[in-house]
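> sequence below, structure please.
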Amino acid sequence: MTQYARPDGVVDVGGWTNEDGLENATFGRMDETTANTSDYNRAEDSGSGGTIGPFKVSLSNVTDPVSATAHVVKVNVAGEDVAMDGTVPSLTYALYDTTVSTVTPIATKTFTPADGSWGENTISLNATQANSILDYTALQLWFTLNELEETSGGSLVKVTWAVFECGDAPVASSGNALSGLSGLSGISV
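Numbering: from 1, shown residues only. The predicted structure is shown next:
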């Protein structure tokens, strides 16, 4: 089975807002089991060439799967060319184990989301990255809009859903593995 860590708190708003741009971004706009594109968080490109963010969210706790396989970060993102100049700013999202570092992410990815349509983007962690996670209860996702150097500004990046997935926690065994066996000669329990 798979464990899912979804946003469960805001660590830093980082200049991001809700879908209408009037309130601060919240984790509740991106914590669904499946993406709900009617509510989202966004950052608006001012055209200065800087960054907006990072918008930092904590993730719900999962148990260390004691395996480096099947570690994945997924986000559902859209761009919006409000300036109508043919450009959408890029988004960088990163996974942090804050007990390890708040400077160097476990994994990071930068991409330019599609203009006007929602799409899922994924980071599949390699074994080295997965083994770098020491505390599965201290994970955070950080989102940063990378502004374009343009005169008009106004283009958006929107995030509606995010999740970290990893393998199931190991099943704890109780007692001696042979304790349930009886009637076998030659085996002492």
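
> for residue 142, see how far away the nearest residue to residue 24 once chain neighbours are set aside is.
Excluding the flanking residues, the one nearest residue 24 by CB to CB, 6 or more residues apart in numbering is residue 13, at 4.7 Å. C-betas here are computed from N, CA, C, even on glycine. Counting by CB to CB, to the nearest Å, the gap from residue 13 to residue 142 is 12 Å.

> common neighbours of the two, please.
Both residue 13 and residue 142 are in contact with residue 55, where contact means CB atoms under 8 Å, 6 or more residues apart in numbering.

> looking at the two, which is more packed in?
residue 142 (20 against 17; other CB atoms under 10 Å).

> avg pLDDT for the helix or strand containing the more buried one?
For residue 142, the host element (DSSP states H and E) is strand 139-146. The average pLDDT for strand 139-146 rounds to 96.

> tell me who's in contact with the residue nearest to residue 24.
Contacts for residue 13 were tallied using CB under 8 Å, 6+ apart; they are 24, 25, 55.

> buried subset of the residues you listed as a PyMOL selection?
Listed next is the PyMOL selection for buried residues among the contacts of residue 13, using 16 or more other CB atoms under 10 Å:
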select buried, resi 25+55
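
> so which of the contacts of residue 13 belong to helices?
Assignment to helices by DSSP state H places none of the contacts of residue 13 there.

> which single one of the contacts of residue 13 is nearest to residue 119?
Using CB to CB, residue 55 is the member of these that lies nearest residue 119, at 18.9 Å.

> okay, that closest one: pLDDT?
pLDDT for residue 55: 97.

> so what's it up against?
Taking CB under 8 Å, 6+ apart, we find residue 55 in contact with 10, 12-16, 25, 41, 43, 142-144, 159.
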